[in-house]
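**Q** Pasting a predicted model and its sequence here:
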Amino acid sequence: MDEKQRSILLDSSSRFPPPPGVKLSYGTAGFRADASILQSTVFRVGILAALRSLKTQSVIGLMITASHNKVSDNGVKIADPSGGMLTQAWEPFADALANVPNFLHLVQLVDDFVMKENIPLEGVQSAVILLGRDTRPSGESLLEAAKQGISSIVGAVAVDMGVLTTPQLHWMVRSRNKGMKAAEMDYFNQLSSSFRCLIDLIPPGSAVNVMDKLIVDGANGVGGEKLQVLKKVLHGLDIQIRNSGKEGVLNEEVGADYVQKEKAVPRGFAPADAGMSVAHFQLSSISQCFRCASLDGDADRLVYFSAIPNSNNRIRLVDGDKILSLFALFIKEQLSILNDNEGDRENNSYPATLGVVQTAYANGASTDYLKHLGLEVVFTPTGVKYLHEKAAEYDIGIYFEANGHGTILLSEGLLHWLDGRSSEPSLTSKGSEQQKAALRLLAVSKLINQAVGDALSGLLLVEAILQHMGWSIHRWNELYHDLPSRQLKVKVVDRSAVVTANAETVVVRPLGIQEAINAETAKYPRGRCFVRPSGTEDVVRVYAEASTEEAADNLANSVAQLVDQFLGFGSS
Ligand SMILES: CC(=O)N[C@H]1[C@@H](OP(=O)(O)O)O[C@H](CO)[C@@H](O)[C@@H]1O
Ligand SMILES: [Mg+2]
């Protein structure tokens, strides 16, 4: 690095000293902490983003969000040129940069990394970084810190895209690097036109029964705000948005994480919140069977639910696994129409590989169901970066975490073939059915975010498929019945003492604990249980599943006790 660059970096980094004694890790979803200690981290991630852009000679994204965490937290993560997560190869540098104690060491660290990675720091290169933030009040000043970090690298330019959902920013990065239109309105237009295309392709006679109201919980965050805009360009989908952030607090007893983990109605959905008498609420929820959806704080997670009348705010949860199942069913149907060659003069099929990716948190009943459909199901460790990478190995890869983060990836080769199929002159009525199937899959590829899981585009695809099938939320929920499950968190001395294998389903360290878990699990019919250290919280998570609620609870509790015995504060 030349003298000019060195002195700019020294000067700017001296204005962003790290808080003493804080150690952060890039983790599964970037850096996250209380917003008050993040200025220096975000500044430094600005530097990293500029270097990444120079290295790849592409547009990079920097998103300021802490997703479903409480409103006083914030965080920062990077979108790579593909629109996906930051390459895992740069995570160690991200950790080192965030934690380097003083600015002289920082400059040395950057210099070494630039040399090692051969980053073209000098010369005429330019770097472009798109910035986005969610609605957190701390976002504005953290954005300023990111800009300062970016402008510490000569030639790097920050473009502030304003308040966005995380998936919008990832979509913009991907679109910019593909030379496509990438403004926010282009995103909304692409979603609404591909949704419309799927609706127009619905077989005649299907779209009955499902026109009940859709009510969406916006988690008091950015998702509700953006859905309002989308609704205006959509036409023909009756959406009512609650928790859009005008009154309530971000993620406080609202949002997809709350709904999925607590299995409870979010605020704003109880009869009193809805401004109805209990009798009227119950009557209307039965007769109109409200279909409800919930987004998380940065709108990359989506779950559906319906309220159970007279149940003290309990819900029927339709989680990420069931969204995955609905998508898989629809995709499989389109592929079989396309590959039905009877009567075709040429064998014009495409040997498309279709794969489904889950984590160990997927409900066992969903995995059984997907396998029963004849689908290939594979497992990865927790964290979207692992699922996404695996799904990209297929022509069509569908991935979802049970908590509602997921998407469908379609390969370039398949899209090219579908383009050809959809524009062939149709000679027979069957030909036209195949063209429709090709057009549906092309529309799916435009509707569903190819960069990351996206609650808004996921919601539109769910809605289009329900209309296509002519299904209510209850019919959808009946695809299979979830096995009762329970999740617990255990505080331990050092969660890094837990080492797992086989997509986190087996503990290899500490020795002996897996045998004890196995012995406990064997006591329960359909019992399944695993433990793993969280990547976002200082806890060990316990997941248990069994044939009854009581059994799942008991299994989770006894394994939590085992974790405490082996690793808890009384263990040493
Ligand atoms: C059980 C669970 O929901 N875990 C979540 C949570 O990770 P943990 O490593 O379990 O803390 O946050 C991740 C980032 O949002 C998400 O990818 C993951 O699915
Ligand atoms: Mg999120």
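**A** Looks like it came in fine. Ligands and ions are numbered 1, 2, ... in the order given.
**Q** Return the set of buried residues in stretch 159-178.
**A** By 16 or more other Cβ atoms under 10 Å, the buried positions in stretch 159-178 come out as 161, 163-177. Placement of C-beta: from N, CA and C, glycine included.
**Q** Now look at it and say if it contacts ligand 1.
**A** No: taking Cβ under 6 Å from any ligand atom as the criterion, stretch 159-178 and ligand 1 are apart, separated by no less than 10.2 Å.
**Q** and that stretch, how far from the chain's centre?
**A** 15 Å (Cα atoms, centre = their mean, to the nearest Å).
**Q** With stretch 374-384 instead?
**A** Offset of stretch 374-384 from its chain centre (Cα atoms, centre = their mean): 14 Å.
**Q** just to revisit the earlier point, state the pair within the buried residues of stretch 159-178 that is farthest apart.
**A** Greatest spacing in these, by Cβ to Cβ: 163 and 177 (22.3 Å).
**Q** looking at this protein, which helix or strand does the model trust least?
**A** Every helix and strand of the chain was ranked by mean pLDDT, DSSP states H and E. The lowest is helix 278-287, at a mean of 45.
**Q** just to revisit the earlier point, the buried residues of stretch 159-178 also near ligand 2: which ones?
**A** Near ligand 2, judged by Cβ under 5 Å from the ion, there are no entries from the buried residues of stretch 159-178.
**Q** closest to ligand 1 among those?
**A** For the buried residues of stretch 159-178, the residue nearest ligand 1 by Cβ to the nearest ligand atom is residue 166; the value is 10.2 Å.
**Q** Grab the nearest non-local neighbour of the closest one.
**A** Take residue 166 and drop its neighbours on the chain: the residue closest to it by Cβ to Cβ, 6 or more residues apart in numbering is residue 298, 4.2 Å away.
**Q** tell me the contacts of that neighbour?
**A** Residue 298 makes contact with 63, 65, 67, 68, 134, 165, 166, 221, 222, 223 under the criterion Cβ atoms under 8 Å, 6 or more residues apart in numbering.
**Q** next SSE after the least confident helix or strand of the chain?
**A** Using DSSP states H and E, the helix or strand that follows helix 278-287 in sequence is strand 291-295.
**Q** Might you report the residue contacts of the most centrally placed residue in the chain?
**A** Centroid-nearest residue in the chain: residue 405, 3.1 Å away (criterion: Cα atoms, centre = their mean). Residue 405 makes contact with 300, 301, 320, 384, 453 under the criterion Cβ under 8 Å, 6+ apart.
**Q** For the fourth one, grab phi and psi.
**A** Spelled out, it's residue 384. In terms of degrees, to the nearest 10, the main-chain angles of residue 384 are phi -60, psi -30.
**Q** which non-adjacent residue is nearest it?
**A** Using Cβ to Cβ, 6+ apart, the nearest residue to residue 384 is residue 405, at 5.7 Å.
**Q** for stretch 311-321, the distance to its chain's centre please.
**A** For stretch 311-321, the distance to the chain centre is 19 Å (Cα atoms, centre = their mean).
**Q** so, in contact with ligand 2 or not, it?
**A** No: Stretch 311-321 lies apart from ligand 2 when judged by Cβ under 5 Å from the ion; the minimum separation is 12.1 Å.
**Q** quick one: terminal-to-terminal distance for that stretch?
**A** For stretch 311-321, the separation between the terminal residues is 24 Å (Cα to Cα, to the nearest Å).
**Q** I'd like the numbering to begin with 44 instead of 1 from here.
**A** Yes, from this point I'll number from 44; that puts the last item at stretch 354-364.
**Q** pLDDT (mean, whole number) over it?
**A** For stretch 354-364, the mean per-residue pLDDT is 93.
**Q** what's the answer for stretch 587-602, then?
**A** Computed over stretch 587-602, the average pLDDT equals 97.
**Q** contact partners of that stretch?
**A** Taking Cβ under 8 Å, 6+ apart as the rule, stretch 587-602 contacts 406-407, 526-531, 560, 563-564, 566-572, 574, 585-586.
**Q** again, only this time at 6 Å
**A** Around stretch 587-602, the neighbours that count as contacts under Cβ atoms under 6 Å, 6 or more residues apart in numbering are 407, 526-529, 531, 560, 563, 567-572, 585.
**Q** Pull up the residues of the stretch 444-593 of the chain that are close to ligand 1.
**A** Residues of the stretch 444-593 of the chain lying near ligand 1 (Cβ under 6 Å from any ligand atom): 444, 446, 577, 578, 579, 580, 584.
**Q** Now intersect these with the strands, please.
**A** Among those, the members found in strands (DSSP state E) are residue 584.
**Q** Next to ligand 2, which bits of the chain? Give me the list.
**A** 110, 339, 341, 343.
**Q** Most neighbours among the residues you listed, which one is it?
**A** Neighbour count (other Cβ atoms under 10 Å) singles out residue 341 as the most crowded of the residues of the chain next to ligand 2, with 34 neighbours.
**Q** Tell me which residues of stretch 476-488 come out buried.
**A** Under 16+ other Cβ under 10 Å, the buried positions of stretch 476-488 are 477, 478, 479, 480, 481, 482, 483, 484, 485, 486, 487, 488.
**Q** Give me the contact list for that stretch.
**A** 237, 240-241, 244, 377, 380-381, 453, 458, 461, 464-465, 469.
**Q** with those residues in mind, which one is nearest to residue 226?
**A** residue 237 (16.8 Å).
**Q** wait, that closest one sits on residue 490?
**A** Yes: look at residue 237 against residue 490 with Cβ atoms under 6 Å: they come within range, at 3.9 Å.
**Q** So if I had to pick from these two, which one is more boxed in?
**A** Counted by other Cβ under 10 Å, residue 237 and residue 490 do not tie: residue 490 has more neighbours, with 24 against 21.
**Q** So, low pLDDT: which residues of the protein?
**A** Scanning the chain for pLDDT under 70 picks out 167, 249-255, 314-332, 384-391, 469-474, 615.
**Q** Go again with 80.
**A** The chain contains residues with pLDDT under 80 at 70-71, 165-168, 248-255, 279, 313-333, 384-393, 467-474, 579-580, 614-615.
**Q** Residue in it with the shortest distance to ligand 2?
**A** In the chain, the residue that lies nearest ligand 2 is residue 110 (3.2 Å; Cβ to the ion).
**Q** So that residue belongs to a strand, correct?
**A** No: Residue 110 is assigned coil when assessed by DSSP: H, G, I helix; E, B strand; the rest coil, not a strand.
**Q** Next up, phi/psi of residue 143, please.
**A** When read as degrees, to the nearest 10, the backbone of residue 143 gives phi -60, psi 130.
**Q** Can you give me the distance of the spatially closest residue to it that is not a sequence neighbour to residue 438?
**A** The shortest distance from residue 143 to any non-neighbouring residue, by Cβ to Cβ, 6+ apart, is to residue 149 (4.8 Å). Separation of residue 149 from residue 438 (Cβ to Cβ, to the nearest Å) stands at 44 Å.
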